[in-house]
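Asks: Sequence first, then the predicted structure:
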Amino acid sequence: MDRIEREKQTVELMIRLYCRRKEKNADLCENCRKLLEYSHRRLELCRYGHEKSICQKCPTHCYAPVYREKIRTVMRFSGPRLMLRHPLTAIRHIFADRG
């Protein structure tokens, strides 16, 4: 699996975890589904491609402000919980900018 696909998988896990645990939805709500689609589209269009680091450390902010704030909220909530539910994915995400 390449770097972009791994990032897509990670962001999807985080958004699903947020929607299920924080918003108490069994399935993705409309807002979370839109955020997921937007995130995947941004990753597909990333100018850095396979050399990209994590989005937080990226010099180019490609998210629109409203989506940027929402993804920060999702990651703030899901990041620590991802370590418990998907530790390997979380570790890969944390060290993505180093490899």
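Replies: Structure's in. What do you need? Numbers count the residues shown, from 1 in each chain.

Asks: Low-confidence ranges, the chain, go.
Replies: Applying pLDDT under 70 to the chain flags the ranges 1, 53, 94, 96-99.

Asks: counting residues per helix, which one in it is longest?
Replies: In the chain, with assignment by DSSP state H, the single longest helix is helix 65-85.

Asks: if we look at that one, which residues are touching it?
Replies: With contacts defined as C-beta atoms under 8 Å, 6 or more residues apart in numbering, helix 65-85 is touched by 10-11, 13-15, 17-18, 21-22, 31-32, 35, 38-39, 55-56, 61, 63, 89-91, 93. No exception for glycine: its C-beta is placed from N, CA and C like everyone else's.

Asks: again, but for stretch 38-55
Replies: The contact list for stretch 38-55 (C-beta under 8 Å, 6+ apart) reads 2-4, 7-8, 11-12, 15, 58, 60, 62-63, 67, 71, 93, 96-97.

Asks: could you flag which of those residues are buried?
Replies: Among the contacts of stretch 38-55, those that count as buried by neighbour count (16 or more other C-beta atoms under 10 Å) are 3-4, 7-8, 11, 15, 63, 71, 93, 96.

Asks: Just give the closest residue to residue 60, not the sequence neighbours.
Replies: residue 47 (6.4 Å; C-beta to C-beta, 6 or more residues apart in numbering).

Asks: Could you pull out the helices in the chain for me?
Replies: Using DSSP H, helices in the chain cover 3-17, 30-44, 65-85, 87-94.
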